[in-house]
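Colleague: The amino acid sequence is not available; the structure is as follows:
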Ligand SMILES: [Cu+2]
């Protein structure tokens, strides 16, 4: 229950996320533009993170990969998985576009 981004910082413009799910569960990647730290997004009673500022997302099945192509403006982003319980379990990481 973790997300890592490599690199964790890119130049503004066209960004291709090659998303690999190394686990045994379905996951998703939601890209949220926010000034908050990835781990500090507001959550509702069910533990889902607030996706305000989302600019795109993709689902990825266990053991598979998918690509998410976005045009990103400079700023701070949170990369999260918001399937039930996953954000609270630690599926988030910070990402910077310069
Ligand atoms: Cu997940």
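Modeller: Nice, I can see it. Every value quoted in this text rests on a predicted model; they were computed, and no experiment measured them.
Colleague: drop to CA atoms for contacts and neighbour counts, all remaining ones
Modeller: Noted.
Colleague: SS state for the spatially most central residue of the chain?
Modeller: Closest to where the C-alpha atoms of the chain average out (Cα atoms, centre = their mean) is residue 79, at 2.1 Å. Three-state call for residue 79 (DSSP: H, G, I helix; E, B strand; the rest coil): strand.
Colleague: Can you list the buried residues in stretch 52-67?
Modeller: 57, 58, 59, 60, 61 (16 or more other Cα atoms under 10 Å).
Colleague: now the residues you listed as TSV including pLDDT and secondary structure?
Modeller: Shown next, in TSV, are the buried residues of stretch 52-67 (pLDDT from 0 to 100; DSSP: H, G, I helix; E, B strand; the rest coil):
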residue	pLDDT	secondary structure
57	98	strand
58	98	strand
59	98	strand
60	98	strand
61	98	coil
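Colleague: With respect to residue 19, which of these is nearest?
Modeller: Of all the buried residues of stretch 52-67, the one sitting nearest residue 19 is residue 60; the distance, using Cα to Cα, is 7.4 Å.
Colleague: returning to what we had before: with distance to the ion as extra columns, can I get the buried residues of stretch 52-67 in JSON lines?
Modeller: JSON lines is the format used below for those (distance: Cα to the ion, whole Å):
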{"residue": "57", "distance to the ion": "12"}
{"residue": "58", "distance to the ion": "11"}
{"residue": "59", "distance to the ion": "9"}
{"residue": "60", "distance to the ion": "9"}
{"residue": "61", "distance to the ion": "10"}
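Colleague: In which helix or strand does the nearest residue to the residue nearest to the centre of the chain once chain neighbours are set aside reside?
Modeller: Once flanking residues are discounted, residue 79 sits nearest to residue 31: 4.9 Å by Cα to Cα, 6 or more residues apart in numbering. Assigned by DSSP states H and E, residue 31 falls within strand 27-33.
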